[in-house]
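In: could you work out the structure for the sequence below:
(one chain, ligands or ions: 1)
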Amino acid sequence: MRITVFGATGLLGKTLMREWKDDEVTGLGSADGDIRDENKVEHLVQETRPDWVVLAAAYTDVDGCESNHDLAFDVNCRGAVNVARAARQQSARLLFLSTDYVFDGKKTAPYESGDARSPRTVYGQSKAEAETKVAEILPECCIVRTSWLFGAGGKCFPDTILKLAANRPTLEVVTDQRGSPSYSIDLARAMIQLCHQKAIGIVHVTNRGECSWYEFAREIIACAGLKTIVRETTSDKFVRPAERPKYSVLSPRSLQERGVAMPDWRDALKRYLSLRGSG
Ligand SMILES: NC(=O)c1ccc[n+]([C@@H]2O[C@H](COP(=O)([O-])OP(=O)(O)OC[C@H]3O[C@@H](n4cnc5c(N)ncnc54)[C@H](OP(=O)(O)O)[C@@H]3O)[C@@H](O)[C@H]2O)c1
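Out: Here you go, the predicted structure:
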């Protein structure tokens, strides 16, 4: 198959480019073409003649989106529409990356792929609107929602915790936000499987299991063999421009139905820290 990846220079995109071995993959970053430029996107898709377009490009600064509403919608929604139209014109399939932020975080049981969208942030709204529009343009597209992404090649929570732990004897981390971490390698492998099986519809892809950021931080410190003390705190002590969902665990059901299994997040974290330590 021929694959064209938009967002190949981001955390997930870099991993996808490393993991995708059996197909002919073209990776594009914003320097190759801005997804807001309809003609450029059309040209890039025509030129690369993909069977699948993977759209991992996005304006991902959740707090930045709050003060840059137009930019968020231009990139995350209009950009996605441009890519979907170009894929349709080329009769290519589309895998669009989305997020747990399309939900409001008020549930107390895992979000199913069919649950109603209810975003509470500009980032979440821009991605939720993109999901709807992309599916209107390409009803047979695959929308992969993920959460709490970590891995090599970008800013991520384990790196932040280890950096802070290097300089502080204690850290305070919130207990009142729960989700599922997703290791970029495991996510990329699941996405490749989904493309190979020509998956259609909304699929939730995260590592197995759930935790709070506090539990995630404790596991990072323990795995790294550090003595740093991690203390519990709550979100009201860390007010940020974009509200974080209190609970955004994505149910694995939609992925299991497609026969794809994900490792537990603790196992994924161990593999990431070991790779990080060795390299
Ligand atoms: N990070 C998370 O925790 C998380 C959670 C849930 C869902 N997601 C979704 O997963 C996907 C990948 O996230 P990520 O963390 O890997 O992203 P990232 O590291 O922030 O990378 C963003 C990518 O988008 C590209 N990009 C940004 N604006 C662009 C534009 N106007 N035109 C073309 N390309 C543009 C960047 O290109 P350059 O670097 O070349 O500028 C980069 O390749 C995104 O769709 C995101 O919404 C992420």
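In: who's in contact with Asp264?
Out: Shown in contact with Asp264 (C-beta atoms under 8 Å, 6 or more residues apart in numbering): Asn207, Arg208, Gly209. In this view, the C-beta of every residue, glycine as well, is placed from N, C-alpha and C.
In: now it: how far from the ligand?
Out: Asp264 sits 18 Å away from the ligand, going by C-beta to the nearest ligand atom, to the nearest Å.
In: one more: Tyr272?
Out: As defined by C-beta to the nearest ligand atom, Tyr272 lies at a distance of 14 Å from the ligand.
In: wait, what's in contact with that residue?
Out: Shown in contact with Tyr272 (C-beta under 8 Å, 6+ apart): Phe150, Gly151, Ala152, Pro158, Tyr183, Ile185.
In: need the mean per-residue confidence for the host helix or strand of it.
Out: Counting by DSSP states H and E, the element that carries Tyr272 is helix 265-278. Across helix 265-278, the average pLDDT comes to 94.
In: same question, stretch 209-228
Out: Stretch 209-228 shows a mean pLDDT of 97.
In: close to the ligand, is it?
Out: No. In terms of C-beta under 6 Å from any ligand atom, no part of stretch 209-228 sits within range of the ligand; the closest distance is 12.2 Å.
In: what's the end-to-end length of that stretch?
Out: Separation of the first and last residues of stretch 209-228 by C-alpha to C-alpha, to the nearest Å is 24 Å.
In: which is the next helix or strand following the helix or strand harbouring Asn39?
Out: Element membership for Asn39 (DSSP H and E) is helix 38-48. Sequence-wise, the next helix or strand downstream of helix 38-48 (DSSP H and E) is strand 52-55.
In: elements contacting that following strand?
Out: On a contact count with 3 or more C-beta pairs under 8 Å, 6 or more residues apart in numbering; DSSP states H and E, strand 52-55 meets strand 2-6, helix 80-89, strand 93-99, helix 184-196.
In: which neighbours does the third one have in its sheet, and in what orientation?
Out: According to DSSP bridges, strand 93-99 has the following sheet partners: strand 52-55 (parallel), strand 142-146 (parallel).
In: neighbouring contacts of the last one?
Out: So that's strand 142-146. With contact meaning C-beta under 8 Å, 6+ apart, strand 142-146 is reached by 93-100, 102, 113, 131, 134-135, 182, 187, 190-191, 194-195, 199-206, 250.
In: of those, which are in range of the ligand?
Out: Checking these against the ligand by C-beta under 6 Å from any ligand atom, the ones in range are Leu97, Thr99.
In: just the buried residues from the contacts of strand 142-146, in PyMOL please.
Out: Per 16 or more other C-beta atoms under 10 Å, the buried members of these correspond to this PyMOL selection:
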select buried, resi 93+94+95+96+97+98+99+100+102+113+131+134+135+182+187+190+191+194+195+199+200+202+203+204+205+206+250
